[in-house]
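J.: pasting the sequence and the predicted coordinates here, then a few questions.
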Amino acid sequence: MAYQALYRQWRPTDFSSMVAQEAVVATLRNQITTGRIAHAYLFCGSRGTGKTSTAKIMARAINCEHPSNGDPCGQCESCKRLLGEESMDVMEIDAASNNGVDEIRDLRETVKYPPQHGKFKVYIIDEVHMLSASAFHALLKTLEEPPGHVVFILATTEPQKLPATILSRCQRFDFGRIPAHQIAGRLRQAVEGANGTATDTALSMIARAAEGGMRDALSILDMCLGYQSDVTEALVRNVLGTSDRSFLFRFTEALEWEDASTVMAMIDELMRAGREPMVFAKDVSQHLRALLMAKTCPDDLASLLDLTAEAAEEYVGQAENMTVTRLMKMMEYFMNVETELRWASSPRIVLENAALKCCLRTVEADTAALNDRIAQLEKQLADLTEKLKNGVVAAAPAKAEKPAAKSAPKKEEAPKPKVLTPTGRSTDDTWKEALNVLKKSDSGTYSMLTMGRYAGCDGTTYRWEAPMGMDIYVGVLNKDAKRNAIAAALTEAAGVESKFEALPAGGQKQNDDSEAAFVAQLEQTFGKANTLVQEEVK
Ligand SMILES: [Zn+2]
């Protein structure tokens, strides 16, 4: 017998064997048991989420002589005939394969004849958005007055491309991406069915790479099993062309330490191993994103990223020594690689350039980077002072002590003028308190807010500025529901009606003044002679 691809072997034959899509399945089961079948359905969702499988199950279920809880029995004449896929009663049209005008025209001819065997004639039109305008027109005529024995099931990955006239005539079902752990569960069954073995990590790597599509996941597994029956992480990485996790940890650590020579050596190692710069840049972005999430929502990390508890801990551990600003900046560089690679004649140089930018933190001239730098230096100084006090660093260079001593009186010299709210909090503290409240009540909003920066308050309106390249958050946070929730937290913390506003990166303020202020602060802290301000090297 010829080899049958895993995704065909594991295509579900009834609702009970479907993975995920619980809401869709429950509604369809209910319609079948109560006999309230619509005459046109629209199944929307990304590839491999079960649209076509569901359409086929549906076609059998509504024709089944003894359906059980909405599932086709698989035993009756009708079920057997339809499982053999030789019936004239279920027609599959792939709109992507041709323009479909002829097929739709044929459909209009055949649609009036009753089914040969079962109760319903079912037309499944896959990728329906690919139909030409005239084919849509022809289809619409049929959808307007369908004979009682006909059911249409239209499937599409891009419902926004469908004319409103079609949308309004169909009952719509949205198929969500399948969660990685559910995909991994099915992969486990498939591996065992193929008499193979696999580690949990290998399977969850495949599941994550498939991005919610079961068909892609099973195809990747198929490729792995084509090499060897023991599916290991190394094998999956080879098949996917991605990098070792420990390699990514070492690479980002080198970036954090601004260790350019290690970084360059690691890129060289990758290129010699024949890795794609684009794939690696994506891997690094993913890793940085995981670190960013580890930094902003460490407690939910395992469930957010579908990780084991140990893996989540590794990310949290690495993120501990990095600041959010720094991570965002590095992520920005690596995400730009993707765009730049499109025009680049030497992909390797683009990748190296991004890595070097991460290493040369001192050339970052924007205030956020300076702020970050100050925060880190202050922490280092504090650590060092502590060690000096305890006599741990006996022979520390005298230079290190000086700025530490200078930075202490600075705080007493220039106390910040504070605006107090009715609750007695300064506006800065009000912001912090509101964040604390949100952290408990709405961690999603809280995480978004921590990625950007607090941009000040003029009386009662608190402003927040999006991080570079993430202006998408502005729209999200300015939506009424979110904005009101944040305003409510602020109002509570301030004791007076307060408002919230999200601004795009760079805000509406001129950055130069605050930048000058930062430089002044730096000079005050470290002494003018020790401060060198460089323009960013373009
Ligand atoms: Zn049956």
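T.: Noted; the coordinates are in hand.

J.: next, the closest residue to the ion within the stretch 401-538 of the chain: secondary structure please.
T.: The ion sits closest to Gly444 of the stretch 401-538 of the chain, with a gap of 45.0 Å, by CB to the ion. Where you see a C-beta, it was placed from the backbone N, CA and C, and this is true even at glycine. Look at Gly444: counting by DSSP: H, G, I helix; E, B strand; the rest coil, its state is helix.

J.: what's around it, how many residues?
T.: 13 (other CB atoms under 10 Å).

J.: how about Thr242?
T.: 20.

J.: cool, and Leu82?
T.: Count around Leu82 with other CB under 10 Å applied: 25.

J.: my guess is it meets Ile57, correct?
T.: No. Counting by CB atoms under 8 Å, Leu82 sits too far from Ile57 to count as a contact (10.0 Å).

J.: residues in contact with both of the two, list them for me.
T.: The overlap between the contact sets of Leu82 and Ile57 (CB atoms under 8 Å, 6 or more residues apart in numbering) consists of Pro72.

J.: find the helix or strand that the residue nearest to Val476 when sequence neighbours are not counted is a member of.
T.: Computed as CB to CB, 6 or more residues apart in numbering, the closest residue to Val476 that is not its neighbour in sequence is Lys482, at 6.4 Å. Using DSSP states H and E, Lys482 falls within helix 480-494.

J.: quick one: list the elements packing against that helix.
T.: Judged by 3 or more CB pairs under 8 Å, 6 or more residues apart in numbering; DSSP states H and E, helix 480-494 is in contact with helix 427-441, helix 443-451, helix 472-478, strand 499-503.

J.: need the contact partners of the third one.
T.: Translated: helix 472-478. 445, 448-449, 451-452, 464, 466-467, 482-483, 486, 500-504.

J.: identify, from these, the entry nearest to Glu313.
T.: Met451 (21.8 Å; CB to CB).

J.: the residue nearest to that closest one when sequence neighbours are not counted: what secondary structure?
T.: Among residues not flanking Met451 along the chain, Pro467 sits closest, at 5.3 Å (CB to CB, 6+ apart). Taking three-state DSSP as the rule, one finds Pro467 in the coil state.

J.: contact partners for Pro467?
T.: 325, 328, 368, 451-453, 473, 505.

J.: and those residues as JSON lines, adding pLDDT and neighbour count?
T.: Output for the contacts of Pro467, formatted as JSON lines (pLDDT from 0 to 100; neighbours: other CB atoms under 10 Å):
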{"residue": "Thr325", "pLDDT": "86", "neighbour count": "23"}
{"residue": "Met328", "pLDDT": "90", "neighbour count": "20"}
{"residue": "Ala368", "pLDDT": "63", "neighbour count": "22"}
{"residue": "Met451", "pLDDT": "78", "neighbour count": "19"}
{"residue": "Gly452", "pLDDT": "82", "neighbour count": "25"}
{"residue": "Arg453", "pLDDT": "85", "neighbour count": "19"}
{"residue": "Tyr473", "pLDDT": "75", "neighbour count": "20"}
{"residue": "Ala505", "pLDDT": "78", "neighbour count": "17"}
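
J.: take those residues and write them to a markdown table, including distance to Phe249.
T.: Below are those laid out as a markdown table (distance: CB to CB, whole Å):
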| residue | distance to Phe249 |
| --- | --- |
| Thr325 | 21 |
| Met328 | 19 |
| Ala368 | 25 |
| Met451 | 22 |
| Gly452 | 27 |
| Arg453 | 28 |
| Tyr473 | 28 |
| Ala505 | 29 |
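
J.: Thr165: how many residues sit nearby?
T.: Neighbours of Thr165 (other CB under 10 Å): 13.

J.: okay, buried residues for the helix or strand it falls within please.
T.: According to DSSP H and E, Thr165 maps onto helix 164-167. Counting neighbours by 16 or more other CB atoms under 10 Å, one finds that the buried residues in helix 164-167 are Ile166.

J.: next structured bit after that helix?
T.: Remark: after helix 164-167, the chain's next helix or strand is strand 171-175, criterion DSSP H and E.

J.: show me the contact partners of that following strand.
T.: 21, 24, 27-28, 38, 40-46, 49-51, 54, 159.

J.: for the helix or strand following that strand, what does the pLDDT average out to?
T.: Helices and strands here follow DSSP H and E; after strand 171-175, the next one along the chain is helix 180-193. Mean pLDDT, helix 180-193: 94.

J.: in its sheet, what does the helix or strand just after helix 180-193 sit against?
T.: The element immediately downstream of helix 180-193 (helix or strand, assigned by DSSP H and E) is strand 197-198. Strand 197-198 pairs in its sheet with strand 230-231 (parallel), by DSSP bridges.

J.: now the partner strand: mean pLDDT?
T.: For strand 230-231, mean pLDDT is 96.

J.: check stretch 113-131 too.
T.: The model assigns stretch 113-131 a mean pLDDT of 90.

J.: can you give me the buried ones in it?
T.: In stretch 113-131, counting by 16+ other CB under 10 Å, buried: 115, 118-131.

J.: and if you look at stretch 436-451?
T.: Of all the residues in stretch 436-451, those buried under the rule 16+ other CB under 10 Å are 437-439, 442, 445-451.

J.: just stretch 452-461 next, same as before
T.: Per 16+ other CB under 10 Å, stretch 452-461 contains these buried residues: 452-455, 457.

J.: circling back: among the contacts of Pro467, which one sits closest to Met214?
T.: Nearest to Met214, judged by CB to CB, of the contacts of Pro467 is Tyr473 at 31.2 Å.

J.: if we can go back for a sec, greatest separation within the buried residues of stretch 436-451: which pair is it?
T.: Val437 and Met451 (17.9 Å).
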